[in-house]
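Undergrad: missing the sequence, but the structure's below:
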């Protein structure tokens, strides 16, 4: 399994645990599906939780009001790419 | 209360409440009516309050229902967990923070059932249930034609706080539906400002004293153990 896939799997497990997605399993989350709105159905509070998760887990500080945040948070695949390029730990 | 939900359960509990052993694991409150994405952020306290509120109102028209919620300690567990994070300089969880307010259950109830009518959440120490009855009466008079859903709920505190307060030793939630119509039990409320009473029914929370009284088909009930007390008379009962 490639590093990219492993990181995506890791992120899915973290999302389920931290956002308390009680009835969802890792394999239910599609890497390309949108995280917010139609896809997984996350909301603005989840966005803040996600920011916190990136900070505690990978040492990444999210910039507030950055236009690029939407892009980084658009799917698990995009998030994994973002983590890979910016992680401090 | 865990494992006590139907009228029959309450009657059994009331009959042998000194000996009644509560099994906290026996029955988690039924929350199947709450969508998973909403439920995931709810504390055990809010789940319990919403569960009894739902049981009490599932056949009621929501556009004719105002609500009074009442809890002594409220969302203490999430608040305590946030305070510990503050002490250790750890970042707060937005989800926990947003649900750690006293009226969490009221807010979630209004979202869940699309109920936009007035709602109050009280905190009046261990007299919360008495005061919530007064608030309920106020709502009934102020919004004629609307029934009032009263939900009073509490749960035990972390061990460090037990000495400061007198928390319940078990989690409980009571929901009651009040109206000015002719259905159900007919109650009178009388406020008394007199001397301290010593004939209290032990350490039972007021709301459970009330339920116990209802199941025993008695006419009179005194709530409150100090100068302020509330007398409840069930006019449907003879003695």
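TA: Ah, there it is. Because the structure is predicted, anything quoted here is derived from the model rather than measured. Numbering: from 1, shown residues only, chains lettered A, B, ... in the order given.
Undergrad: quick one: low-confidence ranges for chain B?
TA: Residues of chain B that meet the criterion pLDDT under 70 lie in B:1-3, B:17-27, B:194-202, B:225-227, B:239.
Undergrad: And the helices in it?
TA: B:7-15, B:36-39, B:44-57, B:76-87, B:94-98, B:104-112, B:128-142, B:206-215 (DSSP state H).
Undergrad: what's the closest of these to residue A:50?
TA: With Cβ to Cβ as the criterion, residue A:50 lies closest to helix B:94-98 of the helices of chain B, at 9.6 Å. In this view, the C-beta of every residue, glycine as well, is placed from N, C-alpha and C.
Undergrad: name the helices or strands packed onto the closest one?
TA: helix A:44-58, helix B:76-87 (3 or more Cβ pairs under 8 Å, 6 or more residues apart in numbering or on different chains; DSSP states H and E).
Undergrad: Direction-wise, compare the last one with helix B:44-57 and give the angle.
TA: Orientation of helix B:76-87 against helix B:44-57 (axes from the mean of the first three to the mean of the last three Cα atoms, to 10 degrees) gives an angle of 160 degrees.
Undergrad: And the longest one, by the same measure?
TA: With the same axes, to 10 degrees applied, the angle from helix A:44-58 to helix B:44-57 works out at 160 degrees.
Undergrad: Is helix A:44-58 positioned near chain B?
TA: Yes. Under the criterion of Cβ under 8 Å from any Cβ of the partner chain, chain B is reached by helix A:44-58 at A:45-46, A:48-49, A:52, A:55-56.
Undergrad: deepest of the helices and strands packed on helix B:94-98, which one?
TA: helix A:44-58 (a mean of 18; mean count of other Cβ atoms under 10 Å in any protein chain shown).
Undergrad: Chain A against chain B: which residues are in contact?
TA: Residues of chain A lying near chain B (Cβ under 8 Å from any Cβ): A:19-23, A:41, A:45-46, A:48-49, A:52, A:55-56.
Undergrad: Check which residues of stretch B:152-168 are buried.
TA: By 16 or more other Cβ atoms under 10 Å in any protein chain shown, the buried positions in stretch B:152-168 come out as B:152-157, B:167-168.
Undergrad: Compile the residues of chain A next to chain B into JSON lines and extend it with columns for pLDDT.
TA: JSON lines is the format used below for the residues of chain A next to chain B (pLDDT from 0 to 100):
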{"residue": "A:19", "pLDDT": "94"}
{"residue": "A:20", "pLDDT": "91"}
{"residue": "A:21", "pLDDT": "91"}
{"residue": "A:22", "pLDDT": "82"}
{"residue": "A:23", "pLDDT": "83"}
{"residue": "A:41", "pLDDT": "88"}
{"residue": "A:45", "pLDDT": "92"}
{"residue": "A:46", "pLDDT": "93"}
{"residue": "A:48", "pLDDT": "91"}
{"residue": "A:49", "pLDDT": "93"}
{"residue": "A:52", "pLDDT": "92"}
{"residue": "A:55", "pLDDT": "92"}
{"residue": "A:56", "pLDDT": "91"}
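Undergrad: what two of those are the furthest from one another?
TA: A:23 and A:55 (26.8 Å).
Undergrad: mind listing the helices for chain A?
TA: A:3-18, A:44-58, A:68-72, A:76-86.
Undergrad: Of the residues of chain A next to chain B, which is the nearest to residue B:211?
TA: residue A:22 (31.2 Å).
Undergrad: Quickly note the distance from the spatially most central residue of chain B to chain A.
TA: In chain B, the residue lying closest to the centroid (Cα atoms, centre = their mean) is residue B:152, at 1.0 Å. Distance, residue B:152 to chain A, using Cβ to the nearest Cβ, to the nearest Å: 27 Å.
Undergrad: Next: residue B:87.
TA: Distance from residue B:87 to chain A, by Cβ to the nearest Cβ: 17 Å.
Undergrad: got the contact list for the worst-scoring helix or strand of chain A on mean pLDDT?
TA: For chain A, counting by mean pLDDT, DSSP states H and E, helix A:68-72 ranks last in confidence among helices and strands (a mean of 87). With contacts defined as Cβ atoms under 8 Å, 6 or more residues apart in numbering or on different chains, helix A:68-72 is touched by A:47, A:62-63, A:78-79, A:82.
Undergrad: so can I have JSON lines of the helices of chain A showing distance to residue B:111?
TA: As requested, the helices of chain A are exported to JSON lines (distance: least, Cβ to Cβ, whole Å):
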{"stretch": "helix A:3-18", "distance to residue B:111": "22"}
{"stretch": "helix A:44-58", "distance to residue B:111": "13"}
{"stretch": "helix A:68-72", "distance to residue B:111": "26"}
{"stretch": "helix A:76-86", "distance to residue B:111": "28"}
